[in-house]
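*Asks:* Have a look; sequence and predicted model below, questions after that.
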Amino acid sequence: MGKPRGVRGLRVLMWVVIAVEVPVYLVWLAQVGYLTGQQLPPGDVARWAPPVLLPPVAVLFCVMAGSTWWLSMVAGHRSPLREKWIVAPLVFVAAFSVFCGVVSAEEPSVPVGILSTIMTGLGMIGLFFIPAACSPRLLDVIRRRSSTASDEAPR
C-alpha cells in the first residue's frame, strides 16, 4: 500500500522549509554574527566568536532538540519539550539569534526585531524538523497520533 497523499505532501512541505529556510538562516546568522562581533573593540579576540560559533551551535541545539522530540514521538512517549533541559538550548539559540540580528542593524528598531524574530523562528523550525522529515516512520507516527486524537475526541 502506498503512502497517502497528505503524508507525501507534508514531507515535501517539510523539505521545502528545510531546503529554503535553513541555508538562508545560517547565512543570516553568520552575517549578523560578523556584524555583531564588529561592535566589539578592535583587537578583542571575541570578535570572531559570534560568526564562527553561532551557526554550528544553532544547528547542534535545534537538531538535537528535534531528534529528542522525534524519538519520543516514534516511541509514543509524551513530548520532551516540557523538559527544561530541552527547551533551554532552544531559548538560548533564539535569544542570541534575535539579539545579534538587532545589534547588527545600523539603527535597531521594532521592525528589525520583528524581522530577526521571523528569521530565527523559521530557521529554527526548519532545523528542528530535519529528524522528522528524514524519518521513514513519519507515516506510522501520523497514523498513531491521528487515531489517538480521534479516540480522545468527544462524541
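*Replies:* Now that the structure is in, tell me what you want to look at.
*Asks:* Who are the contact partners of Val59?
*Replies:* Counting by C-beta atoms under 8 Å, 6 or more residues apart in numbering, Val59 makes contact with Leu26, Leu127. (Each C-beta comes from the backbone N, C-alpha and C, glycine too.)
*Asks:* How much space separates it from Pro108?
*Replies:* Distance, Val59 to Pro108, using C-beta to C-beta, to the nearest Å: 26 Å.
*Asks:* Same check on Leu26?
*Replies:* Applying C-beta to C-beta to Leu26 and Pro108 gives a distance of 22 Å.
*Asks:* More neighbours: these two, which one.
*Replies:* Leu26 (18 against 13; other C-beta atoms under 10 Å).
*Asks:* surely that one meets Ala58?
*Replies:* Yes: between Leu26 and Ala58 there is a contact under C-beta atoms under 8 Å: 7.4 Å.
*Asks:* can you list residues touching both of these two?
*Replies:* What both Leu26 and Ala58 touch, as defined by C-beta under 8 Å, 6+ apart, is the set Gly123.
*Asks:* Below-threshold pLDDT in the protein: ranges please.
*Replies:* By pLDDT under 70, the low-scoring segments of the chain are 1-6, 148-155.
*Asks:* which residue is nearest the centroid of it?
*Replies:* Taking C-alpha atoms, centre = their mean, the centroid of the chain lies closest to Met124, which sits 1.8 Å from it.
*Asks:* Tell me which other helices or strands the helix ranked longest in the chain touches.
*Replies:* Taking DSSP state H as the criterion, the chain has its longest helix at helix 5-37. Under the contact definition 3 or more C-beta pairs under 8 Å, 6 or more residues apart in numbering; DSSP states H and E, helix 5-37 sits against helix 49-75, helix 84-103, helix 110-128, helix 130-134, helix 138-152.
*Asks:* Can you mark which positions in the third one are buried?
*Replies:* Which is helix 110-128. Val112, Leu115, Ser116, Met119, Thr120, Leu122, Gly123, Met124, Ile125, Gly126, Leu127, Phe128 (16 or more other C-beta atoms under 10 Å).
*Asks:* Then stretch 61-79?
*Replies:* For stretch 61-79, the buried set under the neighbour-count rule, 16+ other C-beta under 10 Å, comprises 61-70, 72-74.
*Asks:* can you check stretch 42-61 too?
*Replies:* Arg47, Pro50, Pro51, Leu54, Pro55, Val57, Ala58, Val59, Phe61.
*Asks:* That'll do, ta.
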